[in-house]
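J.: Need coordinates for the following:
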Amino acid sequence: MADEKETSADTTAGTQTTAGGEVPRSEATPAAEAAPEQATSPQEPPPSAEAFAEMKDKLLRTLAEMENLRRRTTREIADTRQYAVANFAREMLAVGDNLRRAIEAVPAEMRDGGDKALAALIEGVEVTERSLAQSLAKFGVKRIEARGEKFDPSMHQAMLEVETDAVEPGKVADEIQTGYVIGERVLRPALVAVAKKTAPPAQETPAGEDSTEAPASSGTSG
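T.: A predicted model of the protein is given here:
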């Protein structure tokens with residue numbers, strides 16, 4: 001009974017008796033049972049109206065830059081796809097020019113002369129020329145319509161001027177070499193002759209008429 005009273009007294013005092021001696025109660029309590037102290041941090045004041053407006057402006061600028069970047073990237077990708085064949089198409093135009101020269105080199109009377117072999121050859125060259133034009137058209141290559149159009153330095157290259165009344169001055173009177181565009185870019189300008197106003201004919205002096213007049217006498221006869 002005396003030992004039980006002594007143990008009860010030690011527990012009340014905040015210690016616990018063990019075989020090794022007395023241990024403080026605070027050390028005997030597990031750490032999980034200790035109530036953590038809650039640290040209270042001061043709340044930050046809300047941003048001012050000026051700071052909020054500045055952050056909103058930065059956000060809008062960033063969004064605008066991202067949208068511009070997206071549009072520019074989309075346009076560059078589309079241009080790359082369309083104009084990647086520009087150099088190849090330009091070389092193919094020379095092939096088409098040679099086919100046209102071969103067709104025009106045969107006189108019309110020889111075509112109608114009844115030579116079936118020659119007629120078949122010309123027809124084959126013409127089919128090849130049309131097939132080449134169709135293949136180029138699939139990649140956006142189109143012919144520049146120049147004859148009779150107003151001279152456009154971005155589409156036409158003037159080689160000479162001709163006096164004619166058939167076409168208004170400043171318009172294309174004749175096409176020397178066909179021009180082409182790919183998409184919205186000029187692949188090759190059209191070589192043209194530009195019309196100019198016909199000069200009025202010079203007035204001829206009638207034969208036997210002296211163009212010089214005798215000077216009037218300044219004095220009086222005596």
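
J.: in this protein, which spans are strands?
T.: 15-18, 21-24, 141-143, 156-163, 172-177, 180-182, 185-188, 190-196 (DSSP state E).

J.: want to try TSV for those, with mean neighbour count and distance to residue 102 as columns?
T.: Bear in mind the C-beta positions are built from the backbone N, C-alpha and C, glycine included. Putting those into TSV (neighbours: other Cβ atoms under 10 Å; distance: least, Cβ to Cβ, whole Å) gives the following:
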stretch	mean neighbour count	distance to residue 102
strand 15-18	14	117
strand 21-24	10	114
strand 141-143	17	19
strand 156-163	14	23
strand 172-177	18	16
strand 180-182	19	19
strand 185-188	17	20
strand 190-196	21	19
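
J.: Which one of these lies nearest to residue 111?
T.: Each of these was scored for nearness to residue 111 using Cβ to Cβ, and the closest is strand 172-177 (22.7 Å).

J.: Kindly spell out which helices and strands sit in contact with that closest one.
T.: Based on contacts counted as 3 or more Cβ pairs under 8 Å, 6 or more residues apart in numbering; DSSP states H and E, the elements that strand 172-177 packs against are strand 156-163, strand 190-196.

J.: ok, and the closest non-adjacent residue to residue 199?
T.: residue 163 (6.6 Å; Cβ to Cβ, 6 or more residues apart in numbering).

J.: Give me the pLDDT for that neighbour.
T.: The pLDDT attached to residue 163 in the predicted structure is 89.

J.: what residues are up against it?
T.: When contacts are counted by Cβ atoms under 8 Å, 6 or more residues apart in numbering, residue 163 touches 195-199.

J.: so where's this structure shaky on pLDDT?
T.: 1-42, 202-222 (pLDDT under 70).

J.: Mind doing that once more with 90?
T.: For the chain, the stretches with pLDDT under 90 are 1-56, 73-88, 104, 106-120, 139-140, 145, 163-167, 183-185, 196-222.

J.: Please enumerate the helices of the protein.
T.: Counting by DSSP state H, the segments of the chain that form helices are 2-12, 25-28, 49-83, 86-104, 108-111, 116-138.

J.: out of these, which comes closest to residue 168?
T.: Within the helices of the chain, the stretch nearest residue 168 is helix 86-104; the backing value is 27.8 Å (Cβ to Cβ).

J.: Summarise which helices and strands that closest one is packed against.
T.: Applying 3+ Cβ pairs under 8 Å, 6+ apart, we find helix 86-104 packed against helix 116-138, strand 180-182, strand 185-188.
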